[in-house]
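> Here is my input, please return the structure:
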Amino acid sequence: MTLPDGVPAGEILERVRAAAGETLEDVEVFDVYTGEQVGAGRRSLALTLTFRARERTLTDEDVAPVRERIIAGLVEIGGELRG
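Here you go, the predicted structure:
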């Protein structure tokens, strides 16, 4: 995701956790990039998301709507999915 420089990483992680719900076990920022490719006043954050359900194995179909909620939550604060 690319986000405005002024959005603190803590707020980003909080929004991810809130949007993901109970299946999100962990979220970490593993890379931050600033430069021409993301534009002035923006930075790119790469996140590692770990999902887990106690009672069963999660499928891609289980996680896809959660991922969409996370993206929507970050778009609300100026985020944009990098293509």
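> Would you map the helices across this protein?
Counting by DSSP state H, one finds helices in the chain at the ranges 9-20, 60-75.
> list the contacts for Thr2?
For Thr2, the contacting residues are 38-39, 42-45, 79-80, 82, by CB atoms under 8 Å, 6 or more residues apart in numbering. (Glycine included, C-beta is placed from N, CA and C.)
> re the thing from before, need the helices of the chain in CSV with mean neighbour count, can you?
Formatted as CSV, the helices of the chain follow (neighbours: other CB atoms under 10 Å):
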stretch, mean neighbour count
helix 9-20, 15
helix 60-75, 14
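> possible to save those helices as TSV with mean pLDDT and distance to Asp26?
Formatted as TSV, the helices of the chain follow (pLDDT from 0 to 100; distance: least, CB to CB, whole Å):
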stretch	mean pLDDT	distance to Asp26
helix 9-20	94	10
helix 60-75	95	13
